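Peer 1: I would like the atomic coordinates for the input below:
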Amino acid sequence: MPTDKRVVVYGASGYTGRLICEYLREYNIPFLAAGRDEGRVKGIVDVVPGIETVEYDVVEVDHTAAALAEAFRGAEIVLNTVGPFSRYGHEVAQACIEIGAHYTDTTGEQDWMIDAEAKYGAEFASRNLVLTPGLAQMYSIGEIAANICLETPGLDTLDIEVFWKGHPTVASTNTILTNAAFSKAYYLEQNEYVEWPDDGVMQVVVPGQHDLGLALPWGGTSHPVWFKNDPRVANARALGGVINKPLMLAVPQIISAAMAQMEGKSDAEKYEIIDTVSSSVRSETPPRENPRINTSLDSVYASGPLGRVHTVIHGNCNYKQTALLNAYAAAHLLQGPPKKVGFASSCQAFGHRELLGVLRAFGLVLEPIVTAHS
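Peer 2: Purely as a prediction, here's the structure:
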């Protein structure tokens, strides 16, 4: 039976999904909370503070394109938080095409983004729908900073760093292992994808502190895919890291141990190992973020033959930033068309200054620090 709710949160029982529901409540946007276990979804969404002030329904749905289309029919926007998206995203995108709904997700998986653009981008565009993977703190804030840099003409190279203090969820751990098992990580060099070498954890300079940081290519992130389609940019590389040295040093060890278990196994067996390892690393829901502890930092150096700009954006509560960005995207799309249809980055679809403005309005980021020499 079609829903009368124009917005769907798929994966509403997850950590990010619940936060999206909270921000939809603040925007007074009715929504359909969907997941594979109705009891679990209700148990999470029903206890969101103030949830009684907004209309919402809960639905249990099988993860097939047909079942998702049937459950979501009538909706105009699907906010997808069910990852890894290379594993679970196709059915949701196909359902969105079937019912004529916009699509966002929180991915940083390059293989999913490249596949999604190739398989679904033209179809979304032909229907005046937006397909925006990677609407999340770890990718969108760096993209905002990069676009602030690119407001200065003549810059063609982006050096991006993303840092945050927080706890990985089961889904994020699963994504890391899925990327390692089934895909490669790329940066952009002269508008071509180049595979990152397997150099392990790298020491990097973190703006605003004396200590060096530790970072990884983190699957390559969304940025090289987005900027490959940007005529201003020829080169883009992105590194990410948790501001937690023991955890960062442990990540390659966890990946190596899991990869050793997967040696010679079928894809189905590899996914079983990934699910088991992910649950063992983090089986419980992380604690709610504390803005005094869970900070974020995005730094972008942009350069060209005769110009340099550096933009830093400090923030807090990266999961809340992700949730707010998705809720704002829903509010935007309910009131008007995206700035670009088809496959589009966060900033291409909704505007980098607009996204920055809403993050500032909700107290999640500081005014960017911009240093320019041209």
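Peer 1: show me the strands in the stretch 1-150 of the chain, by range?
Peer 2: Here the stretch 1-150 of the chain has its strands, by DSSP state E, counting those that start in this stretch, at 7-10, 31-35, 56-60, 77-80, 102-105, 130-132.
Peer 1: no wait, the stretch 251-374 of the chain
Peer 2: Remark: strands assigned in the stretch 251-374 of the chain by DSSP E, counting those that start in this stretch are 295-304, 307-316, 342-343, 369-373.
Peer 1: the third one pairs with which strands, parallel or anti?
Peer 2: Based on DSSP bridges, the pairing partners of strand 342-343 within the sheet are strand 130-132 (parallel).
Peer 1: report back the residue of the protein that's furthest from centre.
Peer 2: The outermost residue of the chain relative to its centre, with distances by C-alpha atoms, centre = their mean, is residue 306 at 32.8 Å.
Peer 1: once you drop chain neighbours, what's closest to that one?
Peer 2: Excluding its sequence neighbours, the residue lying closest to residue 306 (C-beta to C-beta, 6 or more residues apart in numbering) is residue 154, at 6.5 Å. Where you see a C-beta, it was placed from the backbone N, CA and C, and this is true even at glycine.
Peer 1: ok, the one you found to residue 303 distance?
Peer 2: 10 Å (C-beta to C-beta, to the nearest Å).
Peer 1: between those two, who's got more neighbours?
Peer 2: Shown here are residue 154 and residue 303; by other C-beta atoms under 10 Å, residue 303 has more neighbours (18 against 14).
Peer 1: which residues does that one bridge with?
Peer 2: Beta-bridge pairing for residue 303 (DSSP bridges): residue 157, residue 308.
Peer 1: doesn't residue 155 make contact with it?
Peer 2: Yes: the pair residue 303 / residue 155 is scored as a contact, 6.1 Å apart, by C-beta atoms under 8 Å.
Peer 1: joint contacts of the two?
Peer 2: Residues touching both residue 303 and residue 155 (C-beta atoms under 8 Å, 6 or more residues apart in numbering) are residue 309.
Peer 1: returning to that earlier point: and of the strands of the stretch 251-374 of the chain, who's closest to residue 214?
Peer 2: Nearest to residue 214, of all the strands of the stretch 251-374 of the chain, is strand 295-304, at 13.5 Å by C-beta to C-beta.
Peer 1: count of neighbours near the residue nearest to residue 167 when sequence neighbours are not counted?
Peer 2: The shortest distance from residue 167 to any non-neighbouring residue, by C-beta to C-beta, 6+ apart, is to residue 286 (3.8 Å). Using other C-beta under 10 Å, the number of residues around residue 286 comes to 15.
Peer 1: kindly report the same for residue 4.
Peer 2: Residues near residue 4, counting by other C-beta under 10 Å: 11.
Peer 1: tell me which element residue 176 is part of?
Peer 2: Secondary structure assigned from DSSP states H and E places residue 176 in helix 170-182.
Peer 1: measure how far the helix or strand following that helix is from the centre of its chain, please.
Peer 2: Sequence-wise, the next helix or strand downstream of helix 170-182 (DSSP H and E) is strand 186-189. Distance of strand 186-189 from its chain centroid, counting by C-alpha atoms, centre = their mean, to the nearest Å, is 19 Å.
Peer 1: identify each buried residue in strand 186-189, please.
Peer 2: Neighbour counts using 16 or more other C-beta atoms under 10 Å place 186, 187, 188 of strand 186-189 among the buried residues.
Peer 1: from the contact counts, what lies against it?
Peer 2: With contacts taken as 3 or more C-beta pairs under 8 Å, 6 or more residues apart in numbering; DSSP states H and E, strand 186-189 sits against strand 192-195, helix 223-228, strand 235-242.
Peer 1: how about CSV for the ones you listed, with distance to residue 96 and mean neighbour count added?
Peer 2: Shown next, in CSV, are these (distance: least, C-beta to C-beta, whole Å; neighbours: other C-beta atoms under 10 Å):
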stretch, distance to residue 96, mean neighbour count
strand 192-195, 26, 13
helix 223-228, 19, 25
strand 235-242, 27, 23
